[in-house]
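Participant: Give me coordinates for this.
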Amino acid sequence: MSGTIAITGTTGFIGSHLMSALVTDGWSVRALTRRAPPPGEQGVEWVQGDLDDREALQRLVHGVQAVVHCAGRVRGHDAAQFDHANAEGTANLVSAAAEQPSWPRFLLVSSLAARLPKLSWYAASKRRAEELLLLHGDAMPWTILRPTAVYGPGDREMVGLFRAMRRGLLPVPGDPAARITLLHVKDLVEAILCWARADTPPRGRFELHDGTPDGYGWADLTAIASAAWHRPVRRLPVPAGLLRGAAWLNLGLARLLGYDPMLTPGKVRELRHPDWRCDNTSLTEAVGWYPRITLLDSLRGDMAAIT
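Facilitator: Residues are numbered from 1 along each chain as shown. Next up is the predicted model:
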């Protein structure tokens, strides 16, 4: 399959990597942007607007073969902010696609957090976005990807953790026996490319990570960082009370001063959840995707310059 793909979130971390990869792969890209369109890039047509702009969304999806919805809010000070951006924005985009004479295939880039919507405002909004997409599931060829924590060049959310490890400390916010999974942004992009190339898009929710058996424990992370950067890394337990107190303080200041916080009580519940493992099998069987980049590969390669 080839043609034109409409993308949201192209000025963000995942979307920017995806846009470049699609152009390289021979696709024409139509990209939504809230700001004035950037200078022209071969293979990219910019549509100025946002997920509340019905006219812009109609222009975005008109005549395209596929829609990839990457845009989403990861910071906020109340449930309404997350719900508006992540759930209502998805509903608006799905409605625009559903109004086309020929429905494009639709990919929602959700989150592994969506399987536990009670953890946080973010998780709940991602779950609701999935459910709103499923309202059109009888006719629209849809797929939902639930990546675990995504990292790589250009990431602004996890880079603080890697910087701390580079300096010799790994904060441990929860159970010392907890297991997490990670995914390099290039592997996520390759999964989306496999979906786009497939003759028939698979229907369902698909979780994905970097393929490390049983994920990572905190001891694994310190050992990998030590091996990659040739220096000791020490685990630093963070007391639950201290973390929760900092989150509530940060939330209060955010509401007072008008900024969008990352550390909130909901984020603390996500960080302290003991099991973020998942399984790639169903996605591999559906589109033939395999992850190729481990954390050690990345820390020795494109993340080696973190300071």
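Participant: can you pull out the helices in the protein?
Facilitator: 13-24, 54-61, 79-82, 89-98, 121-134, 159-166, 185-197, 218-229, 240-257, 265-272, 281-287, 295-300 (DSSP state H).
Participant: Packing partners of the shortest one?
Facilitator: Helix 79-82 sits against helix 121-134, with contacts defined as 3 or more CB pairs under 8 Å, 6 or more residues apart in numbering; DSSP states H and E. Where C-beta positions appear, they are placed from N, C-alpha and C, glycine not excepted.
Participant: Just checking the distance from the helix it packs on to the centre of its chain.
Facilitator: Relative to its chain's centre, helix 121-134 lies at 13 Å (CA atoms, centre = their mean, to the nearest Å).
Participant: Of all the residues in it, which ones are buried?
Facilitator: 121-130, 132-134 (16 or more other CB atoms under 10 Å).
Participant: pLDDT and distance to G49 for those residues - can I get that in JSON lines?
Facilitator: Listed next are the buried residues of helix 121-134 as JSON lines, based on pLDDT from 0 to 100; distance: CB to CB, whole Å:
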{"residue": "W121", "pLDDT": "97", "distance to G49": "25"}
{"residue": "Y122", "pLDDT": "97", "distance to G49": "24"}
{"residue": "A123", "pLDDT": "98", "distance to G49": "27"}
{"residue": "A124", "pLDDT": "98", "distance to G49": "26"}
{"residue": "S125", "pLDDT": "98", "distance to G49": "21"}
{"residue": "K126", "pLDDT": "98", "distance to G49": "22"}
{"residue": "R127", "pLDDT": "98", "distance to G49": "26"}
{"residue": "R128", "pLDDT": "97", "distance to G49": "22"}
{"residue": "A129", "pLDDT": "97", "distance to G49": "19"}
{"residue": "E130", "pLDDT": "97", "distance to G49": "23"}
{"residue": "L132", "pLDDT": "93", "distance to G49": "20"}
{"residue": "L133", "pLDDT": "93", "distance to G49": "20"}
{"residue": "L134", "pLDDT": "91", "distance to G49": "25"}
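Participant: With D175 as the reference, name the closest of the helices of the chain.
Facilitator: helix 265-272 (7.2 Å; CB to CB).
Participant: Return the list of helices and strands in contact with the closest one.
Facilitator: Using 3+ CB pairs under 8 Å, 6+ apart, helix 265-272 sits against helix 121-134, helix 240-257.
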